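Participant: the sequence isn't on hand, but the structure is:
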């Protein structure tokens, strides 16, 4: 008897429906074809044990299973459940009249219980596109999949529950999530806040500008100045997720299995902070079985690289293309996978190996020439993609002990949202451009029209401060954002003056 069950393979952040054809006939042996990997081949032992311990009979006949399309490699243990149901139905232990209406995934334990799988959300989206009536999967993944409306999602705990459902002996409980209600009730919740930060008003101002224009930023300062504390609070002043952004980001985290059991849709922008020992593959994605890297997990959020010079140079260099294109393409001999990677890069570093160069009270003990040598660990092309350079100094005790209330993230976020709305109108006709940081040189000339006094100011700054040529466009982009925060249509001299302050590392005498 030939039975067809349906599962799904995740490719990139999208799913492909897999048809599992099971035929049982006279003979012996078990055959599985259709490019299964070792984890799929090993499913025979898991399925056989689960069936035996749940009082189902393993067919002592010839079992042939084909996983179509046969040219797509099938990876992982998520095929256990549809394989088991196909074998039981082909052996006439399950009624097969409604099996084809459901897509199924799930890893079986030896006792028949179901273990969670990766990629439930993109699989659910594909199930709805393909017109399946419902989606059966492990209970731990049910809320994640239930984000997809008009699809019946059933979370189950064991193989026997699924068999009982198809034999009309058990009613499965449908998992229902009010996506919009849950999303909008939590979208403004934050665990940290800028009101926790004492002092550092100039740094908060720079971070507000960075958030308003989507600018990449580097903070230079001694240990304990508060660089990491400030960076962790940047997502709280970025505009809240839209539903589309939340769904796209949740799909990426679903593929790598980083969605909590109680989470349906991500409501907070991601903040990823990999350790400096990270490999280039872990950062950008890839591997033998390609997975999204940290830059994709930070999509629509913040990627924070602490102690930037301590990262391997090769690791930092692979970020250059994603920073420009906002996608990362992983190419292999037989296929290509593309992951989104539109993130705000926030980095921090000590000014020198000892950490106390330019410190107000402590003396730097580094040898002559060590400061520029330390900075040279970061390549010019990467530094070229960072718009704002910010020097962070330690907070004096008087400000640390001050009990006065400081501005909360919500107030800063309101100003950022207004500036982003101005940019959305400005770039409405420009495909792929959403904020000032993404402007091309042509757009800069179009949207940053300097008067004579402003042009003269910029010229003098470039000459007297020894600013490099790469600083020119960056200053104009940042000044455009500062003007947007004030609601000004034109970029004026005081906007330029503030933007020029944020190019510390481009000055010829810095660290010299």
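Facilitator: Arrived safely. None of these values were measured; they are calculated from a predicted model. Numbering: from 1, shown residues only.

Participant: how is this structure divided into domains?
Facilitator: As assigned by automatic domain parsing, the chain contains the domains 2-166, 186-435.

Participant: among the ones you listed, which is the most enclosed?
Facilitator: Highest mean neighbour count among the domains of the chain (mean count of other Cβ atoms under 10 Å): domain 2-166, with a mean of 20. Where you see a C-beta, it was placed from the backbone N, CA and C, and this is true even at glycine.

Participant: and residue 390, that one's in a strand?
Facilitator: Yes: using DSSP: H, G, I helix; E, B strand; the rest coil, the secondary structure at residue 390 is a strand.

Participant: and it, what does it touch?
Facilitator: Residue 390 sits next to 203, 206, 217-220, 502, 504 when contact means Cβ atoms under 8 Å, 6 or more residues apart in numbering.

Participant: and it, how far from residue 231?
Facilitator: 11 Å (Cβ to Cβ, to the nearest Å).

Participant: are there residues contacting both of those two? Which ones?
Facilitator: With Cβ under 8 Å, 6+ apart, residue 390 and residue 231 have common neighbours residue 219.

Participant: and the nearest residue to residue 232 once chain neighbours are set aside, what does it touch?
Facilitator: Closest residue in space to residue 232, ignoring its immediate chain neighbours: residue 192 at 5.8 Å, by Cβ to Cβ, 6 or more residues apart in numbering. Residues in contact with residue 192 (Cβ under 8 Å, 6+ apart) are 232-233, 236.

Participant: which residues of the chain score low on pLDDT?
Facilitator: Along the chain, the parts satisfying pLDDT under 70 run over 507-512.

Participant: ok, the residue nearest to the spatial centre of it - contacts?
Facilitator: The residue lying closest to the centre of the chain (Cα atoms, centre = their mean) is residue 297, at 2.2 Å. For residue 297, the contacting residues are 252-253, 256, 258, 270, 272, by Cβ under 8 Å, 6+ apart.

Participant: still on that earlier bit, from the contacts of residue 390, which ones fall inside helices?
Facilitator: 203, 206 (DSSP state H).

Participant: mind listing the helices for the stretch 401-512 of the chain?
Facilitator: For the stretch 401-512 of the chain, the helices defined by DSSP state H, counting those that start in this stretch cover 409-426, 441-447, 452-464, 470-486, 493-501.

Participant: buried deepest among these, which one?
Facilitator: Greatest burial across the helices of the stretch 401-512 of the chain, using mean count of other Cβ under 10 Å, falls to helix 470-486, with a mean of 22.

Participant: not counting its own residues, what contacts that helix?
Facilitator: 208-209, 212-213, 215, 380, 384, 387-388, 415-416, 418-419, 422-423, 436-437, 439, 441, 444, 447-448, 458, 462, 467, 489-492, 495-496, 498-500, 502-503, 506.

Participant: the host helix or strand of residue 209 packs against which elements?
Facilitator: If you go by DSSP states H and E, residue 209 is part of helix 201-213. Counting contacts by 3 or more Cβ pairs under 8 Å, 6 or more residues apart in numbering; DSSP states H and E, helix 201-213 packs against strand 217-220, helix 227-232, strand 344-349, strand 388-391, helix 409-426, helix 470-486.

Participant: re earlier: got the contacts of residue 390 as JSON lines, with distance to residue 454 columns?
Facilitator: Formatted as JSON lines, the contacts of residue 390 follow (distance: Cβ to Cβ, whole Å):
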{"residue": "203", "distance to residue 454": "26"}
{"residue": "206", "distance to residue 454": "21"}
{"residue": "217", "distance to residue 454": "23"}
{"residue": "218", "distance to residue 454": "25"}
{"residue": "219", "distance to residue 454": "27"}
{"residue": "220", "distance to residue 454": "27"}
{"residue": "502", "distance to residue 454": "16"}
{"residue": "504", "distance to residue 454": "21"}
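
Participant: closest to residue 52 out of the helices and strands packed on helix 201-213?
Facilitator: Closest to residue 52 of the helices and strands packed on helix 201-213 is helix 227-232 (Cβ to Cβ; 51.0 Å).

Participant: give me the next element, helix or strand, following the closest one.
Facilitator: That would be, after helix 227-232 and using DSSP H and E, helix 243-255.

Participant: which helices and strands sit right next to that next one?
Facilitator: Going by 3+ Cβ pairs under 8 Å, 6+ apart, helix 243-255 lies up against helix 120-129, helix 179-186, strand 291-292, helix 294-297, strand 336-340.

Participant: report the distance from the helix or strand following it to the chain centre.
Facilitator: Using DSSP H and E, the helix or strand that directly follows helix 243-255 along the chain is strand 271-272. Mean-position distance between strand 271-272 and its chain equals 8 Å (Cα atoms, centre = their mean, to the nearest Å).

Participant: then stretch 209-222?
Facilitator: Worked out by Cα atoms, centre = their mean, stretch 209-222 lies 19 Å from the chain centre.

Participant: mind checking the end-to-end distance for that stretch?
Facilitator: 23 Å (Cα to Cα, to the nearest Å).

Participant: now do stretch 61-72
Facilitator: Termini of stretch 61-72 sit 28 Å apart (Cα to Cα).

Participant: same thing with stretch 44-64?
Facilitator: Stretch 44-64: ends 12 Å apart by Cα to Cα.

Participant: and it, how far out from the chain's middle?
Facilitator: Worked out by Cα atoms, centre = their mean, stretch 44-64 lies 40 Å from the chain centre.

Participant: contacts for that stretch next, please.
Facilitator: Under Cβ under 8 Å, 6+ apart, the answer for stretch 44-64 is 22-33, 77, 80, 83-84, 87-88, 90-91, 93, 107-112, 158-160, 163.

Participant: follow-up on the earlier one: tell me which helix or strand the residue nearest to residue 232 sits in.
Facilitator: Applying DSSP H and E, one finds residue 192 in no helix or strand.

Participant: how far away is it from residue 179?
Facilitator: 26 Å.

Participant: again, but for residue 256
Facilitator: 21 Å.

Participant: over to residue 190?
Facilitator: 21 Å.

Participant: residue 424 too?
Facilitator: 24 Å.

Participant: now do residue 92
Facilitator: 40 Å.

Participant: got the contact list for residue 419?
Facilitator: Here residue 419 is in contact with 212-213, 481, 484-485 (criterion: Cβ under 8 Å, 6+ apart).

Participant: let's see which of the contacts of stretch 44-64 end up in strands.
Facilitator: 22-25, 30-33, 107-108 (DSSP state E).

Participant: make TSV out of those residues and add distance to residue 5.
Facilitator: Below are the ones in strands among the contacts of stretch 44-64 laid out as TSV (distance: Cβ to Cβ, whole Å):
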residue	distance to residue 5
22	7
23	12
24	14
25	18
30	16
31	17
32	14
33	16
107	15
108	14
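
Participant: let me know the closest of these to residue 328.
Facilitator: When these are compared against residue 328 (criterion: Cβ to Cβ), the nearest one is residue 107, at 28.4 Å.

Participant: mind listing the residues bridging to the closest one?
Facilitator: Beta-bridge pairing of residue 107 under DSSP bridges involves residue 115.

Participant: measure it to residue 126 for me?
Facilitator: Counting by Cβ to Cβ - residue 107 and residue 126 are separated by 19 Å.
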